[in-house]
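# sequence first, then the predicted structure, then my questions.
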Amino acid sequence: MREKLLEWLEDNNEFEIPQSLVERQLQTRVQRLVRDLSRQGINPQRLDVDWAKIREDQQQQAIRDVKGSLILEYIAERENIAVTQEEVEEEIEKIASDTNRPKERVREVLSRDSGLDRLRSQIRNKKTLDLLQSKARIIPL
């Protein structure tokens, strides 16, 4: 339902999306693909792949990602949705448990490359979607 809600918000709100954010998201999506291939033991540089085509294929989803993120950020600001340090700590503990790693190691990794900021953003987005879901009216088709 949350996915459908976000999809509805993206489809029903038109606004100019900064190309720099789309490009950054596109780079993130391609980097994630390369990382996933590497984790599977596949050397992405040895693949006979048209990386320009892959970027092109990922363009629309990158636009949707950015648009959804901006919409949720706007709603979170309007609704004064904040993330507490306790919520961050709970999420770090959950990640540590899920990955079977020490909590301190997870925090250390997240402290690099704006990982804690991304985690806060993810928690805020979840809380915003929780609020929207609680207020949504579901109309059967």
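On my side now, so go ahead. Numbers count the residues shown, from 1 in each chain.
# okay, CA-based contacts and neighbour counts for the rest of this
Noted.
# burial count for Glu16?
6 (other Cα atoms under 10 Å).
# make that Glu93, sorry
18.
# with Thr99 instead?
11.
# same question for Asn100.
10.
# ok, now Glu77?
There are 12 residues near Glu77, going by other Cα under 10 Å.
# look up how far Phe15 lies from it.
From Glu77 across to Phe15, the span is 17 Å (Cα to Cα, to the nearest Å).
# next, count neighbours for Gly78.
Let me fix one detail, which is that residue 78 is Arg and not Gly. 9.
# contact partners for it?
By Cα atoms under 8 Å, 6 or more residues apart in numbering, Arg78 lies in contact with nothing.
# Asn13 in helix, strand or coil?
Secondary structure, DSSP: H, G, I helix; E, B strand; the rest coil: Asn13 is coil.
# residues near it, how many?
The number of residues packed near Asn13 is 10, by other Cα under 10 Å.
# got it, and Gly68?
For Gly68, using other Cα under 10 Å, the count is 20.
# next: Arg137.
Neighbours around Arg137, by other Cα under 10 Å: 8.
# then Ile75?
When neighbours are counted by other Cα under 10 Å, Ile75 comes out with 17.
# ends of stretch 97-113, how far apart?
22 Å.
# which residues are contacting that stretch?
Residues outside stretch 97-113 that contact it (Cα under 8 Å, 6+ apart): 92-93, 95-96, 115-116.
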